[in-house]
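> how would this look folded up:
(2 chains)
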Amino acid sequence: MRAPHSLAGWLFAAPALAVIVVFFGLPVLAAFALSLTDFDIYALADIGNLRFVGLDNYLGLLQNPLFWKSLGNTAYFVAVGVPLSVALSLGAALLLHSKLGRFKGFFRTAFFAPVVTTVVAVAVIWRYLFHTKYGLVNWTLSWLGVDPVDWLGDPHWAMPTIILFAVWKNFGYNMIIFLAGLQGIPEDLYEAARIDGASRWAQFRHVTVPQLGPVMLLVGILTMAGYFQLFAEPYVMTQGGPLESTKSVLYLMYDEGFKWWNLGNASAVAFLLFVLMTAVTSGLLWFARRRGVE
Amino acid sequence: MRCCLLLAAALLALAGAGCARSRDERTVVRFWVMGYEGEVVARLLPEFERQHPGIRVDLQVVPWLSAHEKLLTAFAGDALPDVCPLGNTWIPEFAALGALEPLDEEIAATPGFDAGDFFPGVWDTGVVEGRTYAVPWYVETRLPFYRRDMLAKAGVERVPASWDEWRTAMGRVKQVAGPGNYAILLPLNEFEPLLSLAIQQPEPLLRDGGRYGNFRSEGFRQSLGFYKEMFDRGWAPVVTNNQISNVWDEFGKGFYSFYISGPWNIAKFKERLPASQQDDWMTMPLPGPRGPGASLANGTSFVVFRDSPNKAAAWKLIAWLASPRVQAEFHALTGDLPPRRSPWSTPALAGDAYARAFRDQLERAVSTPKVPEWERIATEMLLVGEQVANGRLSVDQAAEELDRRADRILEKRRWMLDQAQKAGVAP
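Reported below is the predicted structural model:
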C-alpha cells in the first residue's frame, strides 16, 4: 500500500525536481565535463582540436602559484571580512533596536543605502576617498600625525581597503535580518533577566545571543558564501593589483574564462571553489549543530 | 473610434514599410564598429550609399568592452557580420579561428588601391603567415608627451632621441621637478610602455615561429633593465593609473614631465590643460637604444569574415573607407590618425604640431608577435614588469620567469603546429 503514496510524493515533487535537474544538475555536470578538457579558442574553431586532459587542469592549478595566491587572498578576505561584517551589522542592529535610539527611520535607511548603490559608481568615490594625495582618509589621518598611506597601491593595504569597502557596502543587508531577529525576542526574557539582576552585558550574552543563534547561522552562511565570491570590488577598485594582492579565485576564473577563453581551465577553477565553499559551509553547519543552535 | 483610426493608420504605415522593403533589392552589408568611431562613421555612410546604389550598409555600434567576447560568441553561433574593424592584436586570433577571408586578390584587383602608401609596420599587422587579412583603418602608437617648460628649466636643450640622452634628461628633470615629483609616468597597469621599449630591440619577442618565449634575449633584458632603472632611480613613481585619478591634471601640475601614451591624449590635453599651459607641452618620437626607436602599431583594421555572403560589396566598403579622401575626412571628425601617408599631407594634419611626432613615429611602427596568445603573454609581461618595478625580481629572474610563463601559454599552439606538420599541411 505504500508504493502509491511514495509515487504520489514523487509526482508532487516532480516539477521542482525537473527544474533543479535541468537548471542546476545538468549545467554542473556539463561544467565538470568541460573541466576535464582543454577547451579554448582553438577548440572553438574546430572541435577536433579539443583534447581530453583528465585531471590535468586541476593538477596544473594546484601547481600554479597564482591560484594559491588568489586562494590566500580570498581566504584573507573571508576570514577578516565575514566576522567584521557580522559584528558591524549586529552592532548597528542593536543600536537601531535600542529604546534610547532617535531618528531610527533615518538611520535604518542610511545604513541600508550602501546595499542598493551600484558598486561601480561607489567605487569611483571610494577611490577618491582613499587617494594617496587628495583623499579624505589620508587628510584626516594627517591631523593625527599619520603619514600618508598608499591605500590602493601598497600590496599590504590594498586588501584591507577592499575589505572595508565590501563591509561598508554589505553590512546593511545583514543588519535588516538581525533587526528582524531582535524584534522576535520576547520582552519577558529581558524583564526576567533584569529581575534576576543581570547587567546589560549579561543580558546580551545570555538572552540576545542565544536567541539570535539561528539568525546568526543564517547570516554567517549567507555572508560567507557571498564573500567567497569576491569579484566586483577588486575588479572596479584595483583590477586585482597591486602585485596581484587583491586577485580573488573568482577573478582568476573570470580571467581564464572570459578574458583568455580557456573554458576548460576556468571550469576547473569554478569546481575547486565550489568544493571549497561546500566544505566550509558544511563545517559551519556541523559546528552549529554541535552547539545546538540549528 | 479614434483608436480604430490610429490602428488603421499604423497598419497602413506597416504595409507601406513592407512594400518599401520588398522593393529594396540592394545588397545589405552588415557592418559592426566598436565605440565612438561607430557613431562617427554613420555620418560618412550615406555618401558611400549614394556612390554605390546597389549597396545598403547595416551599421551596428558595439561597445569596446564587450566587443571581443561578442565577436567570439558570434563566431560560435555563425552570426558574424560581413565587415568589422578588429583591434590589430586580435587579427592573429581570428585568423587562427579560420574566421577571416584573405584579401590579397581583392587588393590586387582593385585599381588605384595603393598598399605601399600605408605605413609598412601598420600594414604588416594584418599579414599573418603570408596572407593579408586586414586593411588598416586608424592607427595608434605610443610615444612620450612631454613638458617643454620643464625640460627648459632642467637645461635640456635638445629633445632626447636615444636612451642615453633620455636618461640625462630624466635625471635633470627629476632634480628640478621639486620634492614628491617625478620625471616620467609609466603606469604599472599598462603593458604598452614596457612593450614599446621591448619591440625596439632587433631580437623577436617569441622564437621558433612563435613556439617559445624569447624574453631571455640580450635585447629584451636591456629594455627591461632600462625600465627598471627608471623606477630604481626614482624617475618614475611606482603607481598605476588608478592611483593617479587624473593623469592630465597631474601632468599639468608637474608630477611627471614625460608620459608615454597614445594619440587620443592630444585632444585630451588640449581640453584638460588650462589655456596658459597650452604652449608648455609637446609630443616627441620614442627614443630608442641608439637613436630614434620603434614603437607599437596598434589601432584597428578592417576584415571580411569568411562566412560573409556579400564579400564583393564588403570589399567595396573597405576600399572606400580606406581611401585617402575619406581617411582625411574621418580624421577631421574623430582626430584618429590615418594609417597611410597621403592623408597626412592635407593641411589639417600637416599643420598639426602635436601630430608631427606621430607621423615620424609611424614610419618606425612595428607589429607585435602574431600569435593568438600574444595578448595574454603581454599581460604576463605587465605583471612581471610590475614585480620588477617593485624590486621583487631582478632583470634576469624576470626574463626567465617570463619565458616560463610564455612557454606554458604557448603549449597548445606548439601542439597545433606539430599536428599540422604531421598531417603534412604547411603550418
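> Near the residue in the stretch 101-250 of chain A positioned nearest to chain B, how many other residues are there?
Among all residues of the stretch 101-250 of chain A, A:G153 sits closest to chain B, at 4.7 Å; criterion: C-beta to the nearest C-beta. Yep, even glycine has a C-beta here, placed from its N, CA and C like the rest. If you count neighbours by other C-beta atoms under 10 Å in any protein chain shown, A:G153 ends up with 24.
> Point me to the helix or strand that includes the nearest residue to it once chain neighbours are set aside.
Among residues not flanking A:G153 along the chain, B:Q243 sits closest, at 4.7 Å (C-beta to C-beta, 6 or more residues apart in numbering or on different chains). According to DSSP states H and E, B:Q243 maps onto helix B:241-244.
> buried residues in that helix?
By 16 or more other C-beta atoms under 10 Å in any protein chain shown, the buried positions in helix B:241-244 come out as B:242-244.
> Need those in CSV (columns: pLDDT and distance to A:T109).
CSV is the format used below for the buried residues of helix B:241-244 (pLDDT from 0 to 100; distance: C-beta to C-beta, whole Å):
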residue, pLDDT, distance to A:T109
B:N242, 74, 31
B:Q243, 77, 33
B:I244, 80, 35
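> related to what we said a few turns ago, the helix holding B:Q243 packs against which elements?
Applying 3 or more C-beta pairs under 8 Å, 6 or more residues apart in numbering or on different chains; DSSP states H and E, one finds that helix B:241-244 contacts no other helix or strand.
> Restrict that helix to CA atoms and write it as CSV.
The C-alpha trace of helix B:241-244 is given here as CSV (Å, rounded to 0.1, in the frame of the first residue of the first chain):
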residue,chain,number,x,y,z
ASN,B,241,46.7,54.8,-13.5
ASN,B,242,44.0,54.2,-10.9
GLN,B,243,46.1,55.8,-8.2
ILE,B,244,46.7,58.9,-10.3
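> Tell me which residue in the stretch 1-150 of chain A sits closest to chain B.
A:A45 (4.2 Å).
> and the closest residue to that residue other than its chain neighbours, how many neighbours?
Leaving out its chain neighbours, the residue that sits closest to A:A45 by C-beta to C-beta, 6+ apart is B:L97, at 4.2 Å. Counted with other C-beta under 10 Å, residues neighbouring B:L97 total 19.
> Tell me how far B:L97 lies from B:G126.
In this view, B:L97 and B:G126 are 15 Å apart by C-beta to C-beta, to the nearest Å.
> How about the contacts made by the closest residue to chain A within chain B?
Residue nearest to chain A within chain B (C-beta to the nearest C-beta): B:L97, separated by 4.2 Å. Residues near B:L97 by C-beta atoms under 8 Å, 6 or more residues apart in numbering or on different chains: A:41, A:44-45, B:75, B:372.
> isn't the residue of the stretch 101-250 of chain A closest to chain B right up against A:P242?
Yes - using C-beta atoms under 8 Å, A:G153 makes contact with A:P242 at a distance of 5.5 Å.
> Which residues of the stretch 151-294 of chain A lie near chain B?
A:152-153, A:155, A:237-239, A:241-244, A:258-261 (C-beta under 8 Å from any C-beta of the partner chain).
> Tell me which of those fall in helices.
A:M237 (DSSP state H).
> which of the residues of the stretch 151-294 of chain A next to chain B are buried?
A:152-153, A:237-239, A:241-244, A:260-261.
> tell me the two of these that are most distant?
A:G153 and A:W261 (30.4 Å; C-beta to C-beta).
> related to what we said a few turns ago, does the residue of the stretch 1-150 of chain A closest to chain B touch B:F94 like I think?
No - with contacts counted by C-beta under 8 Å, A:A45 stays clear of B:F94, the gap being 9.5 Å.
> picking up where we left off before, mind checking how far the residue of chain B closest to chain A is from B:F75?
Per C-beta to C-beta, B:L97 is found 6 Å from B:F75.
> Common neighbours of the two, please.
Shared between the contact lists of B:L97 and B:F75 (criterion: C-beta under 8 Å, 6+ apart) are residues A:L44.
> which stretches of the stretch 1-150 of chain A have low pLDDT?
A:1-3 (pLDDT under 70).
> Give me every residue in it lying close to chain B.
So the stretch 1-150 of chain A meets chain B at A:38, A:40-42, A:44-46, A:49, A:51, A:127-128, A:131-132, A:134, A:150 (C-beta under 8 Å from any C-beta).
> out of these, which are buried?
For these, buried by 16+ other C-beta under 10 Å: A:38, A:40-42, A:44-45, A:49, A:51, A:127, A:131-132, A:150.
> TSV for those residues, including distance to A:E187?
TSV is the format used below for those (distance: C-beta to C-beta, whole Å):
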residue	distance to A:E187
A:D38	63
A:D40	63
A:I41	64
A:Y42	68
A:L44	64
A:A45	69
A:N49	69
A:R51	67
A:R127	46
A:H131	48
A:T132	51
A:D150	50
